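S.K.: no FASTA, just this:
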C-alpha cells in the first residue's frame with residue numbers, strides 16, 4: 001500500500017539521519033517518534049497477524065501541560081478477519097485497511113507526588129467497509145494516575161469499539177510498573193490489563209462463544225541506546241478464550257503468548 005510505503009521511507013530516513021540539535025537551544029515542544037517492531041500488539045492482541053510493523057508519530061506538548069499528537073502504524077487485522085460484506089453477502093467485509101492512524105489530546109499535571117493525565121483518543125481505521133459492517137473507528141476518553149514507578153489508567157469507550165457496535169461504556173483498565181535500573185540505561189516493566197466489553201451486541205457474541213472480554217499480561221526490558229535510540233524485548237500473553245473472538249484468524253491465535261523485539265527513535 002502507498003501509505004505504508006511512505007511511512008517506511010520516512011522511518012528509514014529518520015534512522016539514517018544524524019541528530020542536528022543544538023545543545024544550547026531550548027527544548028522544543030515538538031517531538032517525533034519512529035519504530036520498527038517484530039509484531040504490533042495492542043492490549044495484548046496482534047494487529048498485524050504476528051508480522052512486523054512500521055510505526056511513527058508526532059507530538060506537541062506545551063509547558064502548561066496541554067498536549068496533542070498523532071500516531072500511525074501498519075496493520076492487517078481488519079483484512080485478516082475476513083468475512084463477507086455485511087448486507088450484500090459478497091466480497092470482503094473490509095478492504096484496503098492497512099493503516100491505523102490515531103489522534104489524541106489531553107492535559108498532564110502533578111499534585112504533590114502524584115502525576116495525572118486525562119485526555120481523548122480517536123482511533124482511525126481508513127478503508128473500504130461494505131454496507132452493514134461496523135467501522136473499527138473508535139473514540140475513548142482516559143484518565144491515568146502515576147505514583148513513583150506505578151501507573152493506573154482507565155479508558156472508557158464512547159460508542160462502537162474496534163468494530164463491535166453499540167459498545168458505549170466498555171472499559172480498559174491498565175496497571176503497569178516501570179523500574180529504571182540506575183546507571184545502566186535499562187528499564188524493567190510489568191503490566192496487567194483488562195478489556196471489558198459492554199453494550200447490546202455483547203450478549204450475542206458471548207452466546208456464540210465469541211466473548212471479546214479478556215485480560216492481558218506483559219513483562220519487558222528496554223535499553224536506552226543514546227542519541228534518542230532505544231530497544232526493547234517484551235513477552236505478552238492473554239487469557240482470550242480459545243476458539244473465541246481473537247482466535248482462529250487466518251488460522252492464528254492473535255492473543256497467544258509471544259515475544260516482541262522493537263527498535264525506536266525519538267527526536
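M.R.: Looks like it arrived, so ask away. This structure is a prediction, so every number in the text was calculated from the model and none was measured.
S.K.: going forward, measure contacts between C-alpha atoms and count neighbours the same way
M.R.: OK.
S.K.: show me the contacts for residue 144.
M.R.: Each residue near residue 144 by CA atoms under 8 Å, 6 or more residues apart in numbering is listed here: 116, 117, 118, 151, 152, 153, 154.
S.K.: contact partners of whichever strand or helix holds the fourth one?
M.R.: Here residue 151, judged by DSSP states H and E, is contained in strand 150-157. Contact partners of strand 150-157, identified using CA under 8 Å, 6+ apart, comprise 138-146, 167-178.
S.K.: what's the ChimeraX line that selects buried ones from the residues you listed?
M.R.: Here is the ChimeraX selection string for the buried members of these, based on 16 or more other CA atoms under 10 Å:
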select :138,139,140,141,142,143,144,145,146,167,168,169,170,171,172,173,174,175,176,177,178
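S.K.: in PyMOL, how would I select the buried members of the contacts of residue 144?
M.R.: To isolate the buried members of these in PyMOL, using 16+ other CA under 10 Å:
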select buried, resi 116+117+118+151+152+153+154
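S.K.: ok, what's across the strand from the residue most central in space within the chain?
M.R.: Geometric centre of the chain, nearest residue: residue 42, 4.4 Å, by CA atoms, centre = their mean. Note on residue 42: beta-bridge partners residue 45, judged by DSSP bridges.
S.K.: and residue 219, by the same measure?
M.R.: Assessed by DSSP bridges, residue 219 has beta-bridge partners residue 190, residue 235.
S.K.: and it, what does it touch?
M.R.: Residue 219 makes contact with 188, 189, 190, 191, 234, 235, 236 under the criterion CA under 8 Å, 6+ apart.
S.K.: closest one of those to residue 122?
M.R.: Closest approach to residue 122 among these (CA to CA): residue 191, at 23.0 Å.
S.K.: does the closest one touch residue 218 like I think?
M.R.: Yes: using CA atoms under 8 Å, residue 191 makes contact with residue 218 at a distance of 5.0 Å.
S.K.: mind checking how far the nearest residue to residue 159 once chain neighbours are set aside is from residue 197?
M.R.: What sits nearest to residue 159 in space, not counting adjacent residues and going by CA to CA, 6 or more residues apart in numbering, is residue 168, at 4.1 Å. Per CA to CA, to the nearest Å, residue 168 is found 9 Å from residue 197.
S.K.: now swap in residue 180 and tell me
M.R.: Residue 180 is 34 Å from residue 197, by CA to CA.
S.K.: more neighbours: which of those two?
M.R.: Ranked by neighbour count (other CA atoms under 10 Å), residue 180 and residue 197 place residue 197 first, with 23 against 15.
S.K.: residue contacts, the more buried one?
M.R.: Contacts of residue 197 (CA under 8 Å, 6+ apart): 167, 169, 170, 171, 212, 213.
S.K.: now do 7 Å
M.R.: Applying CA atoms under 7 Å, 6 or more residues apart in numbering, we find residue 197 in contact with 167, 170, 171, 212, 213.
S.K.: which helix or which strand is home to residue 68?
M.R.: strand 66-74.
S.K.: please name every helix or strand in contact with that strand.
M.R.: Contacts defined by 3 or more CA pairs under 7 Å, 6 or more residues apart in numbering; DSSP states H and E place strand 66-74 against strand 53-61, strand 99-111.
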